[in-house]
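Colleague: mind looking at a prediction? Sequence and model below.
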Amino acid sequence: MKVVQKSTQQALYTRAFLVLCLSHVLFGASFSMMLPELPGHLKNLGGEEYVGLIIALFTLTAGISRPFSGKLTDTVGRIPVMVIGTTVCIFCSLLYPFISSVAGFLFLRLVHGFSTGFKPTASTAYVADIVPSHRRGEAMGILGVSLNTGTSGAPPFGSYLVNNFSIDTMFFASSFLAVISVMLLFGLKETLQNKKPFSAKLLALKKEEIFHPVGIRPGLITFSLYFGFGAILTIVPDKCVDLGIENKGMYLGIITASSIASRLVAGRVSDIYGRLPVLKVALFSVVGSLVFFGYSNSPTWLFLASGFLGFSFGISSPAMFAWAIDRADPKQLGRVLATVYIALEAGIGLGALISAAVYQNKVENFTLSFWVIAAVSALGLIYLLTIHKENPYIPPTEVK
C-alpha cells in the first residue's frame, strides 16, 4: 500500500462544490433572515418572558436530531438528508403567519430546529467527500463563507421587509429562498457508496452513534466557541433598540460579513500550520470580543464588537470542522460531524438561556450577561492550553 500526497492540482472549485455552496447560501438566508425580528414578534404575541426560548427551542431540536441525521447521512445518503432539512424550512416559514398564540409559536420554533439538524451535517459530509484532503480546511472555510453569505445579507433584508411591508412578507420570502435551495440539490450526484434504503431500524441509535467518541474533543471546543452566539441572538436586539439602532439586523450582518473575510484565509492557514494553533488564537479572540460586547455603549462600539466577534468565528470554524474530519473514519463521518454539531447547538441554546436569565429584560444587566458568557467561553481556551494533548499535526494524505 503506497501513501502519497494528493496532487496540488486537484480541483476544489468543481461544479458540485459550487452548486452545494449556492444551496447553502439560500438555506442560511432562509432561516436567519427572521432572527432579529422574532423577539419583537413574540413580544407582540404576549410572550415577552419567553424570548430566551426563541433560540433555545430551535437549537434543542437541532441537537436532538443530529444523531439521526448523522446516521442517515452515513447510510441513506448525503443528499436525502440535505433535502429533508431544507424542506422543513419551507413549511415552517409558511406557517409562521398563521400562528397567533405564544404556545403555537414556540412549538413551531421547536419543529423549525430540525432544519439545521439535518442540512449542515449532510452538507459538510458531502464536501468532505468531494474535495482534496490537503485543502480540507480551505473547503470548510468556503462552505462556511457560503452559509455566512446568506446569514449576513438576510437579517438586514428581513428587517427591511418588516419595516416596509409586513412580517408576513418576510416569512413568505424565507420560504421561497428555501424552495430554491432544495431545487439546487436535485442537480447533485450522491457521493455515499453502498447506500441503504431507509427503514425504521435505522432510527435505532447505539450509544456511540449519539455521541461519537472521535467527535467529543472537537465538540468541547465547538461548545465553548458558540456559547456566546446564543447571547448575541437573544439579548443584543434589545440593546440595539436601547441604542436607537432601527435595523436590528445590521449587527448580525456585520458579524457574518467579517466572518466571511476571515474564513477566506483561515481555512487555508489551518491546512498549512495545523488546526490547534488556529483554534487557540480563535478562542482567545472570541473571549476578548465577548468582553468587548459587554462594554458596548454606542452604535459604533456595538458594530465594532460585532466585527471583532465575526472575525473570530471565521477563524475558528474551518479549523474546527477540518480537525473533526481529520480524526474521523470516512465511513462514520456523518456521525462524528453530528456530535460536533450537537455541541454547537448546545452551546448556542444554553448561551441563549443563560444570557436571558442573567439579562432579565433589563438593559442595565447587559454588561454582566456578556461577562458571564465570556467566562464560560474561556474554559475552552483553558482546556486547549493546559489539558488537551494532541499528536503533532500531519497534513492529510491519500492512500492509493
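Modeller: Arrived safely.
Colleague: so, low pLDDT: which residues of this protein?
Modeller: The chain contains residues with pLDDT under 70 at 1-10, 389-400.
Colleague: just want the most central residue of it.
Modeller: Nearest residue to the geometric centre of the chain (CA atoms, centre = their mean): Leu344, 7.1 Å.
Colleague: I'd like to know which elements the helix or strand containing that one is packed against.
Modeller: Using DSSP states H and E, Leu344 sits within helix 333-359. Packing partners of helix 333-359 (3 or more CB pairs under 8 Å, 6 or more residues apart in numbering; DSSP states H and E): helix 53-75, helix 114-130, helix 213-234, helix 299-327, helix 366-382. Glycine gets a C-beta too; all of them are placed from N, C-alpha and C.
Colleague: one step back: what residues are up against the residue nearest to the centre of the chain?
Modeller: For Leu344, the contacting residues are Thr222, Phe223, Tyr226, by CB atoms under 8 Å, 6 or more residues apart in numbering.
Colleague: so which of these comes closest to Ile90?
Modeller: Nearest to Ile90 among the contacts of Leu344, counting by CB to CB, is Tyr226 at 25.6 Å.
Colleague: next one: the closest one from Ile373, what distance?
Modeller: Note on Tyr226: its distance to Ile373, by CB to CB, to the nearest Å, is 11 Å.
Colleague: ramachandran coordinates for the closest residue to Glu48 other than its chain neighbours?
Modeller: Counting by CB to CB, 6 or more residues apart in numbering, Glu48 lies nearest to Asn361, which is 6.7 Å off, once chain neighbours are set aside. Dihedral pair for Asn361: phi 60, psi 30, per degrees, to the nearest 10.
Colleague: okay, now Asn361: neighbour count?
Modeller: Using other CB atoms under 10 Å, the number of residues around Asn361 comes to 13.
Colleague: so what's the backbone phi/psi at the residue nearest to Asn297 when sequence neighbours are not counted?
Modeller: Counting by CB to CB, 6+ apart, Leu243 is the residue found nearest to Asn297 once chain neighbours are left out, at 7.8 Å. Backbone torsions for Leu243, taken as degrees, to the nearest 10, come to phi -90, psi 0.
Colleague: how close does Leu243 get to Pro299?
Modeller: 5 Å.
Colleague: just the buried positions in the helix holding Leu344, please.
Modeller: Neighbour counts using 16 or more other CB atoms under 10 Å place 333-356, 358-359 of helix 333-359 among the buried residues.
Colleague: that one vs helix 366-382, what angle?
Modeller: Helix 333-359 runs at 150 degrees relative to helix 366-382, counting by axes from the mean of the first three to the mean of the last three CA atoms, to 10 degrees.
Colleague: okay, the helices and strands packed on helix 333-359, which one's buried deepest?
Modeller: Per-stretch averages of neighbours, counted by mean count of other CB atoms under 10 Å, single out helix 114-130 among the helices and strands packed on helix 333-359, with a mean of 26.
Colleague: that one vs helix 53-75, what angle?
Modeller: Using the same axes, to 10 degrees: helix 114-130 against helix 53-75 is 40 degrees.
Colleague: could you point out which element follows helix 114-130?
Modeller: Following helix 114-130 in sequence order, the next helix or strand is helix 136-164 (DSSP H and E).
Colleague: list the helices and strands that next one packs on?
Modeller: By 3+ CB pairs under 8 Å, 6+ apart, helix 136-164 packs against helix 15-32, helix 114-130, helix 167-185, helix 250-273, helix 299-327.
Colleague: which positions in that helix come out as buried?
Modeller: Using 16+ other CB under 10 Å as the burial criterion, the residues of helix 136-164 that qualify are 136-159, 161-162.
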